[in-house]
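Got a predicted model here, sequence first, then my questions.
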Amino acid sequence: MSQTSTQKSDEKSQDASSVTVKVLVALLLTVHAGLLAWSSTKHSPNWNEHAHLVAGLSHWKFARFELYRVNPPLVRLVAALPVLTTDVKYQWSEFYEAPGARPVFTLGTQFIKVNGTKFIWYLTLARWACIPFSLLGGYICYCWARDLYGPWAGLFSLTLWCFSPNIIAHGQCITPDCGATALGLAAMYSFWKWLQSPHWTKAVIAGLVLGLAELSKSTWIILFGLWPLIWLVWISSSTTTPNTSWYRQLSQLGTILLLGIYLLNLGYGFEGSFTQLKAFPFVSEALTTIDNNEDCLSSVKKNRFQDFWIGELPIPLPRNYLLGIDIQKKDFEAFNNVSFLRGKFRKRGWWYYYLYALAIKVPLGFWVLFVLTVIHALLPGKSNRFSRQDSFVLVIPALAILILVSSQTGINQHMRYVLPAFPYAFIWMGQLALGFVEKRRLAAILTTCSLAWAISSSLWIFPHSLSYFNELIGGPRNGHFHLLHSNIDWGQDLLFLNEWIESHPEAKPIYLYYYGYFDPRDLGINYQLPPSNIDQNPDFQLPPGWYAISVNYLKSYDWQQRIIGFSYFQEKEHVGTAGYSIYIFRVKESDLTCPRE
């Protein structure tokens, strides 16, 4: 009787604990959604968002996918959906098509111009529509860590996702980085569930989710090679006899991959699917070769496969999907790309760029948790003996992403390219929650302090999460000495500048040089362009006034790598900032001399 009573008591305790965890999961996801929703209203469009939005609208209206083909269309289709219900205006006059053409940014600029300040509302709707992607990513973190280490570990991993400044930064945008991170994670999770118990229902689910991941970002094309490799390692390292024979598993794996390809083509409406390889107008060095004419007076690029048998093969991919990969490859190959790291500009970048970026843009509290997880995993003990197979599935996608992007040294500008690797680290770190469950006091104290440090560091600069830098370099105020571009200044702080101007009516005239692909006047900001000392004239003088300069331009380079002559502001003391990406200076009439560069 006593034993039965004890069992019932344990069951009630487990039920209560399960309810508590579920409530906390819902609470965390609600808080995360609130952070993203509010932050979405505070930021101006980043460098890419207006182009993504106009491209998404074009997909719905014309069922065509030329615009922004360097990324698959799923995320922007979702973003554009609520905007279709509004009185939005369109302008397509600048559209054109040619090999390597990218008119989408000009169309995005026109889109802002014809809609004016209403564009901010349309963008907000589009951003809100994409919040579920981040919620999905957080929930999959919870589910995977729960399945590996228990429900409290799932809650721990979810917390890491919800308060990561990098997840918050991109979860509030309609750019595909966070959506692709979440859908790629969902695909890996569904594949892992199939590996554990291979049968047809799980195979179909894995194939469908794989297709959605492929429609979010072309980076996930690596899964078509990665999953067979993971399966081979899984079955060869298994110590138990599988319930399903290896050849039946192989047929299910083939079905998974075929379903992924099918859904990818379906997402494009089978536009140009099964086009012969020789018919693609490629532009990248990797997919073209030089065709010299007969008199050898000129040469042109042509499809590398045009004169070979392989060129006759039909490609089971959408035409614009493959052309997008080609154009993206051309961007990475460009020898005129200039990368910035630790105060230095250099062509062709650095192999360790992303490792360095991770070191300074991930909260130090997260890094401490990572080190604690390594120690925990190495300690002997029953709770630490987790399946090497499971760990392999977690490590391989993160490692593959990091190696892939690090190998593309033609352009080092965006740490967001490694964002898809983040959730696997969050899930792996979930095992630290076992320190609480097993009542290991020291481990629990260290974990709690590190987690609190990470969360407070992230929220301290919220909503400016895009510009987050950790305490190792002194925070976001010093970020521009180390990284530029979307790591700190992606054009996101124009609305904060407008608030600053409205609260400082004396700030006239206002000179502005803004890192964005549109005219701020279209969003109601009146300004003049500042004079540029592009010739580095030693007698150059600034007229009196107030100057707002995007931090990318303070380094004297723009996105086309042209010298633009604003480095003289580096020697002046700023009087204010808009977020962490626009610095404000004042030049008085009594101060008409400019320090030489």
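Here it is on my side, so go on. Source: prediction; values computed, not measured. Numbers count the residues shown, from 1 in each chain.

for stretch 355-366, the distance to its chain's centre please.
16 Å (CA atoms, centre = their mean, to the nearest Å).

how far does it stretch from start to finish?
End-to-end span of stretch 355-366 (CA to CA, to the nearest Å): 15 Å.

roughly how far apart are the closest residue in space to L67 that isn't next to it in sequence and Y517?
Of all residues not flanking L67 in the chain, A55 sits nearest, at 3.8 Å (CB to CB, 6 or more residues apart in numbering). Where C-beta positions appear, they are placed from N, C-alpha and C, glycine not excepted. In this view, A55 and Y517 are 13 Å apart by CB to CB, to the nearest Å.

joint contacts of the two?
Residues touching both A55 and Y517 (CB atoms under 8 Å, 6 or more residues apart in numbering) are G108.

The two: which is more packed in?
The neighbour comparison of A55 against Y517 (other CB atoms under 10 Å) goes to A55, with 27 against 19.

I figured that one hits V104, correct?
Yes. The pair A55 and V104 passes the contact test of CB atoms under 8 Å, sitting 5.3 Å apart.

that older thread, which residues touch the residue nearest to L67?
A55 neighbours (CB under 8 Å, 6+ apart): 67-68, 73, 76, 104, 107-108.

rewinding a little: name the residues contacting each of A55 and V104.
With CB under 8 Å, 6+ apart as the test, A55 and V104 both reach 67-68.

Give me the packing partners of the lowest-mean-pLDDT helix or strand in the chain, helices and strands only.
Lowest mean confidence among the helices and strands of the chain (mean pLDDT, DSSP states H and E): helix 434-437, at a mean of 76. Contacts defined by 3 or more CB pairs under 8 Å, 6 or more residues apart in numbering; DSSP states H and E place helix 434-437 against helix 151-163, helix 441-460.

Out of those helices, flag the one nearest W227.
Of all the helices and strands packed on helix 434-437, it is helix 151-163 that lies closest to W227, at 22.6 Å by CB to CB.

Which residues does that closest one contact?
Here helix 151-163 has contacts from 17-18, 21, 24-25, 28-29, 31-32, 35, 137-139, 141-147, 167, 366, 369, 422-423, 426-427, 429-434, 436-437, 451, 454-455, 458-459, using CB under 8 Å, 6+ apart.

Leaving out sequence neighbours, find the closest residue to T275.
Closest to T275 by CB to CB, 6+ apart is R319, at 5.3 Å.

hang on, the earlier thing: list the ones among the contacts of helix 151-163 that fall in strands.
Among the contacts of helix 151-163, DSSP state E puts none in strands.

residues of the helix or strand where Y122 lies that come out buried?
Applying DSSP states H and E as the criterion places Y122 in helix 118-149. Within helix 118-149, the residues that qualify as buried are 119-120, 122-131, 133-149, counting by 16 or more other CB atoms under 10 Å.

report the angle between the axes of it and helix 151-163?
160 degrees (axes from the mean of the first three to the mean of the last three CA atoms, to 10 degrees).

All further residue positions should be reported with the first residue as 26.
Right, with 26 as the first residue, what we last looked at is helix 143-174.

I'd like to know which elements helix 143-174 is packed against.
helix 27-65, helix 74-87, helix 99-105, helix 129-140, helix 176-188, helix 190-196, helix 202-221, helix 447-454.

wait, what's in contact with the spatially closest residue to W515 that is not a sequence neighbour?
Spatial nearest neighbour of W515, excluding adjacent residues (CB to CB, 6+ apart): N71 at 4.0 Å. Neighbouring residues of N71 by CB under 8 Å, 6+ apart: 198, 200, 491, 511, 515-517.

can we see that at 10 Å?
77, 148, 194-195, 197-200, 491, 511, 514-519, 540-542 (CB atoms under 10 Å, 6 or more residues apart in numbering).

What of L82?
92, 101-102, 104-106, 108-109, 113, 115, 117, 132, 136, 147, 151.

quick one: contacts for V56?
Contacts of V56 by CB under 10 Å, 6+ apart are 184, 187-188.

could those be laid out in a markdown table, adding neighbour count and distance to L312?
Compiled in a markdown table, the contacts of V56 are given as follows (neighbours: other CB atoms under 10 Å; distance: CB to CB, whole Å):
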| residue | neighbour count | distance to L312 |
| --- | --- | --- |
| T184 | 24 | 44 |
| C187 | 29 | 41 |
| F188 | 25 | 42 |
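
of all those, which comes closest to R611?
Using CB to CB, the contacts of V56 come closest to R611 at F188, 36.7 Å.

Quick check: the closest one vs S482, distance?
For F188 relative to S482 (CB to CB), the value is 9 Å.

which residues are common contacts for the two?
Counting by CB under 10 Å, 6+ apart, the residues touching both F188 and S482 are 388, 390-391.

Would you convert those into a markdown table that also reports neighbour count and pLDDT?
Formatted as a markdown table, those follow (neighbours: other CB atoms under 10 Å; pLDDT from 0 to 100):
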| residue | neighbour count | pLDDT |
| --- | --- | --- |
| P388 | 27 | 97 |
| G390 | 22 | 96 |
| F391 | 27 | 97 |
